[in-house]
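In: any chance you could fold what I've pasted below:
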Amino acid sequence: MSDWLFERMGGWADQTAIVWSDHPSTYGDLLTRVGAWREEMARQQVGAGNVVLLEGGFSPSACALLLALIQIGAIAVPLTPLVRAHRALFEEIAEVQVAVDFAGDDSWTITRIEREVTNPLTRELIARGNPGLVIFSSGSTGNHKAVLHDVSALLQKFYSARQRKCTLTFLLFDHIGGIDTLFNTLSSGGTVVTPPTRDPATVCRTIARHKVHTLPTSPTFLNLLLISGAYAHHDLSSLEVVAYGSEPMPESTLRQLRAVLPHVTLVQTYGLSELGVLRSRSKESGSLWIKFSDNGFETKILDGVLWVRSPTAMLGYLNAPDLFDAEGWLNTQDAVEVDGEYLRILGRATDLINVGGQKVYPAEVENVLLELENVRDVAVYGESNPFTGQIVVARVNLKEPEDPVSFKRRMHAFCRGRLASYKIPLRIEITDHDQFGVRFKKMRRTEALAAQPKES
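Out: Numbering: from 1, shown residues only. Here you go, the predicted model:
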């Protein structure tokens, strides 16, 4: 099922596979570690069907263990230290039996947990004899859902080798986009480079030092990059592609990126923990319109919402009802606008604000407010109102301190003519706190934002 991947990697033994802590490891090094992990798992009596938690990042040892677990048919649960506050809950939901913790120097410790696997979905996967992967959603809606994947299905889309390139692993080890980056790169003989931290200056320095070709990231991070100005202090000439996804991209941010990185192709991607990352193509560099490539999946639009049927879709949630219909279509809950074969993602249907029966998409309002002078970041959400059902609220980060009353007056004047009156925020909250989680994804709900750990 995955033999082709390891055979392919063996043909690139002298090529660099991973750069971690600025130290390169070849494909030969990586495969040697995979073999050592298989021996260690045998000593630990870990085999097919066992559930193994890996807490770490894209270090050589952690990546090798992930690959070894695939080879032996185990079920991997990758986590990062950033979600340690939720770890006990995640272990219980995934029914973890063995936990491997990686330290900053890539050393590790193993803990065994006496637990039986009883979840019907997991038992179904074990009966197939296939390796598994459990990914926990970001919790942007307040709840972390445990997504179970059949790894054999996920790997199939990487069978056709793509361009060999050097890619930065901005998206995390426990994120479906991070996993996609890893397998997409390793299946094509490329190099994955992990920055020590994910602040704009360090990311730019890492790109320059290791001649990174592709940066997969989020619109939130790209906005921070623009604000920081770090792009102007490092040689980013090797960077050819910035692939952004996970949330709607503000047009103002996209426009600024095209101006400061004119040599870079800006590509919108689309992926969900439940689906993996779907092959897509932007209408043009800098366009918010995309179309999906035919890669074994189908799409349809129902009531303005995107539905997908894909062989790489999850088996289901371990801790919630799934979103499949009887014919295997998955409700993505993403509202879209259609123009022929192209789509534009408007945002999550669950984030939609209903003002007296009128629809307001937060991303549209945020895009306008980000063009307002002195606004560094903004999150827009709905708040209950006895007269209109909901009102629009904007939580704003300012670049410089400003009197709230003056700012609100200035904001209203700016929005008139740019937004319909019902879309203009009635309540403004000015905050000094970051409005994104550890995955650099905007967190609109106050309770979800408060529950997010922060990266040090």
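In: what pLDDT does G304 get?
Out: Note on G304: pLDDT of 89.
In: where in the stretch 351-456 of the chain is pLDDT low?
Out: 445-456 (pLDDT under 70).
In: repeat the analysis, applying 90 as the threshold.
Out: By pLDDT under 90, the low-scoring segments of the stretch 351-456 of the chain are 351-352, 357, 359, 361, 363, 385-389, 417, 434-456.
In: ranges for the strands of it?
Out: Along the stretch 351-456 of the chain, the segments classed as strands by DSSP state E, counting those that start in this stretch run 353-355, 358-360, 375-385, 389-398, 427-430.
In: neighbouring contacts of the third one?
Out: By that I understand strand 375-385. 220, 223, 227, 351-355, 360, 362-363, 365-366, 369-370, 390-399, 425, 427, 434-435, 442-446 (CB atoms under 8 Å, 6 or more residues apart in numbering). Every C-beta, even on glycine, is put in place using the N, C-alpha and C of the backbone.
In: buried residues in it?
Out: Buried residues in strand 375-385, counted by 16 or more other CB atoms under 10 Å: V375, D377, V378, A379, V380, Y381, G382.
In: follow the chain on from the longest helix seen in the chain and name the next helix or strand.
Out: Counting by DSSP state H, the longest helix found in the chain is helix 27-43. With elements assigned by DSSP states H and E, the helix or strand that comes after helix 27-43 is strand 51-55.
In: the helix or strand following that following strand packs against which elements?
Out: Downstream of strand 51-55, the first helix or strand assigned by DSSP H and E is helix 60-72. On a contact count with 3 or more CB pairs under 8 Å, 6 or more residues apart in numbering; DSSP states H and E, helix 60-72 meets strand 16-20, helix 27-43, strand 51-55, strand 75-79, strand 98-102.
In: go through these and name the closest to E337.
Out: strand 75-79 (34.3 Å; CB to CB).
In: sorry, back to before: could you pick out the buried ones from the contacts of strand 375-385?
Out: 220, 223, 351-353, 355, 360, 362-363, 365-366, 369-370, 390-398, 425, 434-435, 442-446.
In: in a markdown table: the strands of the stretch 351-456 of the chain, plus distance to A313.
Out: Output for those, formatted as a markdown table (distance: least, CB to CB, whole Å):
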| stretch | distance to A313 |
| --- | --- |
| strand 353-355 | 29 |
| strand 358-360 | 28 |
| strand 375-385 | 29 |
| strand 389-398 | 32 |
| strand 427-430 | 38 |
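In: of all those, which one comes closest to E247?
Out: strand 375-385 (10.8 Å).
In: partners of the closest one, with directions?
Out: strand 389-398 (antiparallel) (DSSP bridges).
In: residue ranges of the helices in the stretch 251-400 of the chain, please?
Out: Using DSSP state H, counting those that start in this stretch, the helices of the stretch 251-400 of the chain run over 251-260, 362-369.
In: helices or strands up against the last one?
Out: So the one you mean is helix 362-369. strand 342-348, strand 375-385, strand 389-398, helix 404-415.
In: give me the contact list for the longest one.
Out: Surrounding helix 404-415, the residues in contact under the criterion CB under 8 Å, 6+ apart are V368, L369, L372, N374, A394, V396, L398, K423, I424, P425, I428, I430.
In: rerun at 7 Å
Out: The set of residues external to helix 404-415 that reach it, using CB atoms under 7 Å, 6 or more residues apart in numbering, is V368, L372, I424, I428, I430.
In: what are the phi and psi values for the second one?
Out: What that stands for is L372. With angles defined as degrees, to the nearest 10, L372 sits at phi -80, psi 130.
In: quick one: contacts for it?
Out: Contact analysis of L372 by CB under 7 Å, 6+ apart lists M411, F414.
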